[in-house]
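Chemist: Here's my sequence, what's the structure:
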Amino acid sequence: MTQMLRLAALALLVFAPIQSASAQLDIPGYVPCYPGSSGSLATTHPSPLTVTVDAADLRQEIRGFGASDAWSTQFVGGWPLQKREAIADLLFETKLDESRDPRGIGLSMWRFNIGAGSTRQNNINDIWRRADTFYNEDFSGYDWTRLPGQRWFLQAAKARGVARMTAFVNSPPINMTKNGNAFAGTTSGTTNLRDDKVDDFARYLADILAHFRSIEGIDFSAVSPVNEPQWDWNRDSGQEGNRYSTSDIKRVVDALAAQDLGATRIETPESGEHKYLYVDELDDYIDAFFDSASPDYIGDHLGNSVAGHSYWSDTPSSGLVVSRQILRGKLDRYGLEFAMSEYSILGNYGPGRDLGIHPALYIARTAHYDLTLAEASSWQWWLGVSPMARASLR
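Modeler: Numbers count the residues shown, from 1 in each chain. Have a look, this model is predicted:
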């Protein structure tokens with residue numbers, strides 16, 4: 001229940017004005033229930049809703065709720081310390097303040113974006129959508145002082161008790177791509193990753209994991225080498241991105257599995273839409289990667305988990321219920337967990353911020369069906385810190 005309350009808070013987004021929980025709702029029969037409180041929940045409502053919980057009917061283990069550091073924390077992580085700490089509290093803190101109000105939404109997972117180096121180019125127009133890489137200026141070695149803002153938020157999350165971190169990649173570093181950019185082109189073929197750089201890409205990720213584990217005290221739970229691989233990710237996407245066929249993904253995962261990853265597991269494919277996980281006419285990632293007869297089988301490297309995003313299937317007309325029922329059936333065929341690793345509202349509210357109840361309920365509805373029908377074992381929002389608020393908070 002505590003996690004669900006935190007998720008409801010997440011639905012109102014990080015930069016919502018802090019309000020006291022002591023404000024009473026003007027609803028007949030309303031029974032206030034604050035964090036840390038207990039006592040009678042009796043109501044005077046004439047037709048109360050009765051909910052019966054069957055504790056013997058066990059479903060999935062919920063591993064956590066989280067969000068991503070892309071791309072805002074590279075800037076916000078360099079803001080004055082007091083502001084950084086306040087934002088980190090809103091994201092990760094689980095304690096109560098002196099008024100017994102939550103100090104934050106208590107995220108228990110955090111996604112760290114390993115960039116491709118687009119900050120060193122000028123071909124992604126919005127600088128808030130570019131990302132740096134851990135290579136030094138001439139790509140001849142590593143510079144571990146880079147990404148200072150993102151690294152600060154990693155440590156802030158750890159200090160506040162966040163135990164599950166994922167390192168994820170939108171594109172290989174620009175020195176490993178066919179066109180030298182952090183996005184694909186029309187001549188990039190099935191992937192923008194150079195054929196002769198697959199092993200180097202895997203080694204690069206393994207080196208980063210080893211550095212954080214031994215030097216910065218961050219032991220990533222998972223590493224995600226590809227992101228929404230079914231999209232083209234050409235320049236007009238406006239951000240780093242790379243497409244991959246299922247055989248391309250197999251090559252990357254095989255190379256990554258050959259590295260020393262410690263206890264870090266490989267998470268893939270971060271499908272941009274549910275149906276690509278199970279529809280035969282599309283990529284059908286689950287069959288491709290977990291059917292031992294498939295030429296692209298990598299189930300031995302992935303354990304029992306598959307990752308996907310809930311975009312474009314968040315309304316009744318786009319498969320809000322049906323897609324999740326079908327997905328759960330396909331997952332059950334292979335005994336898989338489902339990690340819902342990214343979601344935000346696209347095209348329904350905004351641009352900008354809307355802190356009203358309607359987008360909050362929209363998000364809560366999507367999360368509800370992800371958790372109850374697709375039986376997601378984790379659920380993560382996209383941008384932990386929205387750049388839409390940057391002008392008013394700086």
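Chemist: can you pull the contacts of residue 253?
Modeler: Applying C-beta atoms under 8 Å, 6 or more residues apart in numbering to residue 253 gives the contacts 225, 266, 268, 298, 301, 302. Using the backbone N, CA and C atoms, a C-beta is placed for each residue, glycine as well.
Chemist: now with 6 Å?
Modeler: Applying C-beta atoms under 6 Å, 6 or more residues apart in numbering, one finds that residue 253 lies in contact with 266, 298, 301.
Chemist: is it true that it lies in a strand?
Modeler: No: Residue 253 is assigned helix when assessed by DSSP: H, G, I helix; E, B strand; the rest coil, not a strand.
Chemist: I figured residue 304 hits residue 336, correct?
Modeler: Yes: judged on C-beta atoms under 6 Å, residue 304 makes contact with residue 336 at a distance of 5.4 Å.
Chemist: between those two, who's got more neighbours?
Modeler: Shown here are residue 304 and residue 336; by other C-beta atoms under 10 Å, residue 336 has more neighbours (22 against 12).
Chemist: That one contacts residue 306, doesn't it?
Modeler: Yes: assessed by C-beta under 6 Å, residue 336 is found in contact with residue 306 at 5.3 Å.
Chemist: Could you pull out the buried residues of stretch 353-366?
Modeler: Going by neighbour count (16 or more other C-beta atoms under 10 Å), the buried part of stretch 353-366 is 354, 359, 360, 362, 363, 364, 366.
Chemist: Let me know the closest of those to residue 196.
Modeler: If you rank the buried residues of stretch 353-366 by distance to residue 196 using C-beta to C-beta, residue 366 comes first, at 41.2 Å.
Chemist: So that closest one: helix, strand or coil?
Modeler: Look at residue 366: counting by three-state DSSP, its state is helix.
Chemist: Now it: closest residue in space, sequence neighbours ignored.
Modeler: Take residue 366 and drop its neighbours on the chain: the residue closest to it by C-beta to C-beta, 6 or more residues apart in numbering is residue 314, 4.5 Å away.
Chemist: where exactly do the strands run in the protein?
Modeler: Secondary structure of the chain (DSSP state E): strands located at 64-68, 109-114, 164-169, 222-224, 265-266, 269-271, 305-309, 337-342, 376-383.
Chemist: Buried deepest among the ones you listed, which one?
Modeler: Ranked by mean neighbour count, the strands of the chain are led by strand 269-271 with a mean of 27 (mean count of other C-beta atoms under 10 Å).
Chemist: Which strands or helices does it pack on?
Modeler: Here strand 269-271 touches no other helix or strand, going by 3 or more C-beta pairs under 6 Å, 6 or more residues apart in numbering; DSSP states H and E.
Chemist: Report how many residues lie close to residue 148.
Modeler: 12.
Chemist: Can you tell me how far residue 67 is from residue 269?
Modeler: Residue 67 is 20 Å from residue 269, where distance means C-beta to C-beta, to the nearest Å.
Chemist: try residue 312
Modeler: Distance from residue 312 to residue 269, counting by C-beta to C-beta: 16 Å.
Chemist: Quick one: residues contacting residue 241.
Modeler: Residue 241 sits next to 170, 171, 183, 233 when contact means C-beta under 6 Å, 6+ apart.
Chemist: one more time with 7 Å, if that's ok
Modeler: By C-beta atoms under 7 Å, 6 or more residues apart in numbering, residue 241 lies in contact with 170, 171, 183, 227, 231, 233.
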